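[1] Need a 3D model of the sequence below.
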Amino acid sequence: MKRLGGPVVITLLSLVLPLVMGALSVPYIIEKLGVAGFGVLTLIWGIFGYFSLFDFGIGKALTKRVAECESGSPQAAVAIRVGLLLLMGLGVISGLLLAIAYPALLRHGILVDSPENFRSIAWLAFGMPFLLVGIGLRGVLEGLGRFSAPAFARIILGIATFGLPVPLLAVWPTLDVIVVGLVGGRVLTIASQGWACRDLLGAALRVRGERAALREIVSFGGWMMVSNLVSPLMVFADRFVIAGSSVASQLAYYTTPFELVTRLLVLPAAATTVLFPKMAGQQGADRHHVAGRMMVRGMGMMFVALLPVVIAGSVFASDFLGWWLNPDFAAQAAGPMALLCWGVLCNSVAQFPFSYLQSMGKVRQIAYLHLLELPVYFMTLPWFLERWGILGAAIAWLLRVVFDLFALSALSAIMLFYGIRQHDD
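    Below is the predicted model:
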């Protein structure tokens, strides 16, 4: 695990720096664009973020397949060719769908009909293939164990998203110029990541695609897509349930501490980004044992690292919120914040059995689990809201992530037991 420290730190920094840049630049962007213009910009950021889910899990599938193959092998080259061509096609389709949806956005009042907005959506549609191909290249590099180039690409994206608007708005205070910068950032990430894996890309150009590789990537990625769509729903859609309930006026007392404490999830995200290809790349009869040991040690280290932060966040929630915002807000939001802190701890630890199961190809079981959780969560959430108000929303979320942790851990233990047993037999 010590050898993984450097890549984890590099990945963590690449995830944190964009957040810092955003905190510093957003007030200036709002000042230059105005509230309405900034609202459209956040919509564009959201579209870019949401459409990144439409890689159908191919980026993760490429990470797994490349990690399993020997570096530079024909099998890896075939998987890369098939995966990147699929992503390019999905990017073109996504761009066309976005362009077709533009009149509907106008008709429903989501966007105002203006040349600036039209140009912004046009550039956004043009950038979709670059967005998805960039995700694929990141998957290839992580599969190869090369984490510096993806980290550098994330920093480029952070600069393009939050840093570049500052000088651009000083000269051209228009929304479409910022979108051009966003697309330009995606192009730069493709160039930097493509150069970092140019050896395998060259091999991918010389091989022919195989149906077996296509089926493997689509099967793994398809089940990944289910989890990628369901998990964000359980993370963010609860606020829409709250907004339609009798405690809608208290929504900010839930969303504000939620947005604050969930920033801690960048730490397990950085760790599992590095661990996943390491676990997937284990070969031989004892691959379950080695990968399982990585999982258990990762869970323990994450628990130890976050426990003091979670205890402090729970105990001093009222004091912190009173200092940061005001005592009246703190009186309402401190209870939800304390519960959400413990939920984030469970969610962080759960990322390790989640990654272990993915590395062993058990994405279908994960998808089934999330499909089970989704209706149960949204059927019980209104009851918790009715009984305990906004505190009930935090209780419901905490119970869901606790169940998720135990279910993923149980599935991983079963997988590990049978894997080791087969080896012994």
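
[2] Other residues contacting whichever strand or helix holds residue 170?
    Using DSSP states H and E, residue 170 sits within helix 165-171. Contacts with helix 165-171, where a contact means C-beta atoms under 8 Å, 6 or more residues apart in numbering, come from 25, 28-29, 32-33, 177-178, 181. Using the backbone N, CA and C atoms, a C-beta is placed for each residue, glycine as well.

[3] one more time with 7 Å, if that's ok
    Contact with helix 165-171 is made by 25, 28-29, 32, 177-178, 181, as judged by C-beta atoms under 7 Å, 6 or more residues apart in numbering.

[4] Out of those residues, which is nearest to residue 267?
    Ranked by distance to residue 267 (C-beta to C-beta), the contacts of helix 165-171 are led by residue 25 at 23.4 Å.

[5] Of the contacts of helix 165-171, which belong to helices?
    25, 28-29, 32, 177-178, 181 (DSSP state H).

[6] Now, of these, which are buried?
    25, 29, 32, 177-178, 181 (16 or more other C-beta atoms under 10 Å).

[7] Identify the farthest-apart pair in these.
    Considering C-beta to C-beta, no two members of those lie farther apart than 25 and 177, which are separated by 14.9 Å.

[8] Residue 248: neighbouring residues, count only.
    As a burial measure, residue 248 scores 13 neighbours (other C-beta atoms under 10 Å).

[9] meant to ask about residue 106
    Counted with other C-beta under 10 Å, residue 106 comes out at 16.

[10] right, and it touches residue 113 too?
    Yes - counting by C-beta atoms under 7 Å, residue 113 is a contact partner of residue 106 at 5.1 Å.

[11] Need the overlap of contacts for the two.
    Common neighbours of residue 106 and residue 113, using C-beta under 7 Å, 6+ apart, do not exist here.

[12] ok, residue 391 to residue 385 distance?
    Look at residue 391 and residue 385: by C-beta to C-beta, to the nearest Å, they are 9 Å apart.

[13] Specify which residue of these two has the higher count of neighbours.
    Remark: of residue 391 and residue 385, residue 385 carries more neighbours, 25 against 22, as counted by other C-beta under 10 Å.

[14] How far away from the center of its chain is the one helix or strand that one maps to?
    For residue 385, the host element (DSSP H and E) is helix 363-388. Computed by C-alpha atoms, centre = their mean, to the nearest Å, the chain-centroid distance of helix 363-388 equals 20 Å.

[15] The chain should start at 22 in everything you say after this.
    Sure, I'll start numbering at 22, so the last one becomes helix 384-409.

[16] which strands and helices sit next to it?
    helix 232-257, helix 259-264, helix 348-380, helix 411-445 (3 or more C-beta pairs under 7 Å, 6 or more residues apart in numbering; DSSP states H and E).

[17] Residues in contact with the shortest one: which ones?
    If you take C-beta under 7 Å, 6+ apart as the criterion, helix 259-264 is touched by 269, 272, 275-276, 399, 402-403, 406, 414, 418.

[18] Kindly recompute the last result at 8 Å.
    Residues outside helix 259-264 that contact it (C-beta under 8 Å, 6+ apart): 269, 271-272, 275-276, 398-399, 402-403, 406, 411, 414, 417-418.

[19] Where neighbours are concerned, which of these has the most?
    When neighbours are counted by other C-beta under 10 Å, residue 414 leads the contacts of helix 259-264 with 29 neighbours.

[20] Quick check: closest non-adjacent residue to that residue.
    residue 275 (5.2 Å; C-beta to C-beta, 6 or more residues apart in numbering).

[21] my guess is the one you found meets residue 415, correct?
    Yes - using C-beta atoms under 8 Å, residue 275 is in contact with residue 415, at 6.6 Å.

[22] wait, what's in contact with residue 218?
    Listed by C-beta under 8 Å, 6+ apart, the contact partners of residue 218 are 158, 161-162, 165, 167, 170.

[23] how does it look with 10 Å?
    By C-beta atoms under 10 Å, 6 or more residues apart in numbering, the contact set of residue 218 is 87, 101, 158-159, 161-162, 164-165, 167, 170, 224-225.

[24] Any chance of the residues you listed in CSV with pLDDT as columns?
    Formatted as CSV, the contacts of residue 218 follow (pLDDT from 0 to 100):
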residue, pLDDT
87, 84
101, 86
158, 91
159, 90
161, 89
162, 89
164, 86
165, 85
167, 85
170, 85
224, 82
225, 81
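
[25] Between these, which sits nearest residue 363?
    Of the contacts of residue 218, the one sitting nearest to residue 363 (C-beta to C-beta) turns out to be residue 159, at 31.7 Å.

[26] What is the burial count for residue 382?
    Here the number of neighbours of residue 382 (other C-beta under 10 Å) works out to 17.

[27] How about residue 268?
    Residue 268 has 18 nearby residues by other C-beta under 10 Å.

[28] Look up how far residue 255 lies from it.
    For residue 268, the distance to residue 255 - C-beta to C-beta - is 19 Å.

[29] Could you find which two of the contacts of residue 218 are furthest from each other?
    Distance extremes for the contacts of residue 218: the farthest pair is 159 and 224 at 18.4 Å, using C-beta to C-beta.

[30] Tell me which of those two has more neighbours.
    A count of neighbours by other C-beta under 10 Å puts residue 159 above the other of residue 159 and residue 224, at 25 against 18.

[31] just checking, residue 362 touches residue 282?
    Yes - Residue 362 is within contact range of residue 282, at 5.3 Å (criterion: C-beta atoms under 10 Å).

[32] which residues do those two both contact?
    With C-beta under 10 Å, 6+ apart, residue 362 and residue 282 have common neighbours 330-331, 334-335, 338.

[33] can you list the residues you listed in TSV and add neighbour count?
    What follows is the shared contacts of residue 362 and residue 282, written out as TSV (neighbours: other C-beta atoms under 10 Å):
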residue	neighbour count
330	15
331	21
334	22
335	18
338	23
